[in-house]
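Q: Next input, structure requested:
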Amino acid sequence: MPYYRAAGSVPPKRHTQHRAPDGSLYFEELMGEEGFSSDSSLLYHVNIPSTIAAYRVWELPDQSLVPNHPLTPRHLSTHDLFGESTSGTDAVTGRRLLLGNADVRLSYVVADITSPYYRNAIGDECLYVEAGTARVETVFGDLPVGEGDYVVIPRATTYRIVPDGPVRLYAVEANSHITPAKRYLSRFGQLLEHAPFCERDLRGPENLRVLDEQDVEVYIKHRGNGPGGIAGTVHTLPHHPFDVVGWDGCLYPYVFSIHDFEPLTGRVHQPPPAHQVFEGHNFVICNFVPRKVDYHPLAIPVPYYHSNVDSDEVMFYCGGDYEARKGSGIGQGSISLHPGGHPHGPQPGAYERSLGAESFDELAVMVDTFRPLELGEAARACDDGVYAFSWANGGKEAGK
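A: Have a look, this model is predicted:
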């Protein structure tokens, strides 16, 4: 994170004694990245944070991946993955894997019950709230979230998700850290004037509290020998993981609303990097929001056809009316996968329809990866099977 925060009770000097009112010592934990060489925070626990009372295997949901072969653009209907009743699904164990590679995994879930306490020890997570509201409870405090919020959760942060009702989440799980685009940051980490958002737009944790419970389970996703090199373990802790009386530093979970993204526009069509918000190792996250469009008198507002020779493009359509995809079956909750090696662009007729448009009312989250994506069980379950033909004859001959 680009700036410092503090919450609760911390001593005036780091790595010095910090005592409870009864005189007992609190236990200091450094949570830091890149081997003590990058962002970190110091947390002060009532109990020793390393203690484990028991452990067992967590059998993860299906993490298998198969190649996108033959090479095919695809349309995935995420709203088909969960029925009308989602009773009993939580936002951690209920995630269904859509797409993945060695750098990132994309999942989807509709949850309506409280998740177990959870820690991703593989990489940072970025959760996008498509619909609904929830409270993300973390060891740093709570994050109230709702439609349009990104929740960025650093690796190894213990948290759980408490929905207020059914909540739809699109989960980007990295094998690395997820940060604002580096070109938006000064060499000291401040968001610069040309960035499409600033620190005022980022919401940090609140309501830090100490819970006194025994035998609390924490589900941990970690490196292992399972599909994709991933495994799961459940640790039973003799005390509650939320026993932090105070913390300070520059590493913590935060929320950014897509509605606070200030779009960059121009006289002619702006390329996807103009819409970037976050990045991880070998992938970027962009968002397309309602905006004024190109104002050159001869501008074509929809994207030009393009070949992403170095990347796969995944677009999650989460609001509005996406002009370039009319006539292809794309709707709320759709995902389009355009793999590297396949030129793609607007559907037939979109060029002409867009001429003279002054604004677009569209909302989408895009993930571009620099290694090929493979198909998870959820993608295989909700692929419409005909999207590849949607450019031919306006899609009228789809599947033939």
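Q: pLDDT below threshold where in the stretch 1-150 of the chain?
A: Judged against pLDDT under 70, the low-scoring parts of the stretch 1-150 of the chain cover residues 1-2, 84-86.
Q: where exactly do the helices run in the protein?
A: 350-354, 377-382 (DSSP state H).
Q: Comparing those helices by mean pLDDT, which bottoms out?
A: Per-segment confidence across the helices of the chain bottoms out at helix 350-354, which has a mean of 83 in mean pLDDT.
Q: Against which helices or strands is that helix packed?
A: On a contact count with 3 or more CB pairs under 8 Å, 6 or more residues apart in numbering; DSSP states H and E, helix 350-354 meets no helix or strand. All C-beta spots, glycine's among them, are computed from the backbone N, C-alpha and C.
Q: before we move on, back to that, which one of the helices of the chain lies nearest to Val92?
A: Taking CB to CB as the criterion, Val92 comes closest to helix 377-382 out of these, the separation being 15.4 Å.
Q: what helices or strands is that closest one leaning on?
A: Using 3+ CB pairs under 8 Å, 6+ apart as the contact criterion, the elements in contact with helix 377-382 are strand 74-77, strand 96-100.
Q: what's it in contact with?
A: Outside helix 377-382, the residues that touch it by CB atoms under 8 Å, 6 or more residues apart in numbering are 62, 64, 66, 74, 76-78, 80-81, 96-99, 107-108, 337.
Q: switch the cut-off to 7 Å
A: 62, 64, 76-78, 80-81, 96-99, 108 (CB atoms under 7 Å, 6 or more residues apart in numbering).
Q: so which of those comes closest to Gly141?
A: Proximity of the contacts of helix 377-382 to Gly141 (CB to CB) peaks at Tyr108, which lies at 26.7 Å.
Q: give the contact list for the closest residue in space to Ile178 that isn't next to it in sequence.
A: In space, Ile178 comes closest to Asp124 once its chain neighbours are excluded; the distance is 4.1 Å by CB to CB, 6 or more residues apart in numbering. In this structure, Asp124 makes contact with 152-155, 174, 177-178, 280, judged by CB under 7 Å, 6+ apart.
Q: If you rank the residues you listed by neighbours, which is first?
A: Sorting those by how many neighbours each has (other CB atoms under 10 Å) puts Ile153 first, at 26 neighbours.
Q: For that residue, report the pLDDT, please.
A: Residue-level confidence at Ile153 comes out at 98, pLDDT.
Q: In this structure it contacts Tyr159, no?
A: Yes: the pair formed by Ile153 and Tyr159 meets the contact definition of CB atoms under 7 Å, at 6.2 Å.
Q: Tabulate the helices of the chain (CSV), appending mean neighbour count and distance to Val92.
A: Converted to CSV, these look like this (neighbours: other CB atoms under 10 Å; distance: least, CB to CB, whole Å):
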stretch, mean neighbour count, distance to Val92
helix 350-354, 17, 39
helix 377-382, 20, 15
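Q: what about these, which gets the closest to His342?
A: Between His342 and the helices of the chain, the shortest gap by CB to CB is with helix 377-382, which sits at 16.3 Å.
Q: ok, back up a step: among the helices and strands packed on helix 377-382, which is nearest Arg223?
A: Using CB to CB and comparing the helices and strands packed on helix 377-382, the one that lies nearest Arg223 is strand 96-100, at 14.5 Å.
Q: Let me see the mean pLDDT of stretch 242-253.
A: Taken as a whole, stretch 242-253 has a mean pLDDT of 97.
Q: what about it, distance to the chain center?
A: How far stretch 242-253 lies from its chain's middle: 21 Å, per CA atoms, centre = their mean, to the nearest Å.
Q: if we can go back for a sec, the helices and strands packed on helix 377-382: which one's closest to Glu213?
A: Distances from Glu213 to each of the helices and strands packed on helix 377-382 were compared by CB to CB, and the smallest falls on strand 96-100, at 30.3 Å.
Q: Export that closest one to PDB, keeping only CA atoms.
A: Taking C-alpha atoms only, strand 96-100 is exported to PDB below (Å, rounded to 0.1, in the frame of the first residue of the first chain):
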ATOM      1  CA  ARG A  96     -15.800 -22.400  -8.600                       C
ATOM      2  CA  LEU A  97     -12.700 -22.100 -10.700                       C
ATOM      3  CA  LEU A  98     -13.200 -20.600 -14.100                       C
ATOM      4  CA  LEU A  99      -9.800 -19.900 -15.600                       C
ATOM      5  CA  GLY A 100      -6.200 -20.200 -14.400                       C
END
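Q: strands paired with it, and their directions?
A: Strand 96-100 has its sheet partners listed here by DSSP bridges as strand 104-111 (antiparallel), strand 374-375 (antiparallel).
Q: Only the buried residues of stretch 216-224, if you could.
A: By neighbour count with 16 or more other CB atoms under 10 Å, stretch 216-224 contains the buried residues 216-222.
Q: what ranges do the strands span in the stretch 251-400 of the chain?
A: Along the stretch 251-400 of the chain, the segments classed as strands by DSSP state E, counting those that start in this stretch run 254-257, 276-280, 283-288, 291-292, 312-320, 334-338, 359-360, 362-369, 374-375.
Q: Tell me which of the ones you listed sits nearest to Gly228.
A: Proximity to Gly228 (CB to CB) singles out strand 374-375 among the strands of the stretch 251-400 of the chain, at 9.0 Å.
Q: Dump the strands paired with strand 96-100 to CSV, plus mean neighbour count and distance to Tyr55.
A: Output for those, formatted as CSV (neighbours: other CB under 10 Å; distance: least, CB to CB, whole Å):
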stretch, mean neighbour count, distance to Tyr55
strand 104-111, 26, 24
strand 374-375, 22, 30
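Q: Tabulate the ones you listed (JSON lines), appending distance to Ile258.
A: Formatted as JSON lines, the entries for the strands paired with strand 96-100 read as follows, by distance: least, CB to CB, whole Å:
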{"stretch": "strand 104-111", "distance to Ile258": "17"}
{"stretch": "strand 374-375", "distance to Ile258": "26"}
